[in-house]
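>>> no sequence on this one, just coordinates:
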């Protein structure tokens, strides 16, 4: 079950240099591609209970303008979105995304 709590807030990003470099060097995903996911509709948000020991963490499943399917782990600090990591969605995650959003699958 996805949550839509972020639909009502303004998005401002807080980029940690280490994480942004890591996402690009390790996976070829740029900061701008991560940001695109939050502005493209549809996007699904989930609470990440497993990784929320010290702070609340969330997951976003969405697409970029070039239809890259991304999985983004993030937190909210001082009313700003802080991306922790980003990667291409797994096959299972793509299936969840397309089933939840009722779009044609690109699996």
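On my side now, so go ahead. Everything numeric in this text was worked out from a predicted model, so none of it was measured.

>>> Go through the strand or helix carrying residue 32 and flag the buried ones.
Under the criterion of DSSP states H and E, residue 32 resides in helix 31-39. Neighbour-count burial for helix 31-39 flags 31, 33-38 (criterion: 16 or more other C-beta atoms under 10 Å). Any C-beta I mention is one placed from the backbone N, CA and C, and that applies to glycine too.

>>> need those in TSV with distance to residue 17 and pLDDT, can you?
Converted to TSV, these look like this (distance: C-beta to C-beta, whole Å; pLDDT from 0 to 100):
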residue	distance to residue 17	pLDDT
31	10	91
33	17	94
34	14	92
35	16	92
36	20	93
37	20	93
38	20	90
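
>>> contacting residues around the helix holding residue 32?
6, 11, 13, 15, 20, 23-24, 43, 60, 62-66, 68, 70, 72, 81, 83, 86 (C-beta atoms under 8 Å, 6 or more residues apart in numbering).

>>> can you do 10 Å?
The contact list for helix 31-39 (C-beta atoms under 10 Å, 6 or more residues apart in numbering) reads 6, 11, 13, 15, 19-21, 23-24, 29-30, 43-45, 60-66, 68-72, 74, 81, 83, 85-86.

>>> isn't residue 13 right up against residue 82?
Yes: between residue 13 and residue 82 a contact is recorded at 7.5 Å, counting by C-beta atoms under 10 Å.

>>> Many thanks, we can stop here.
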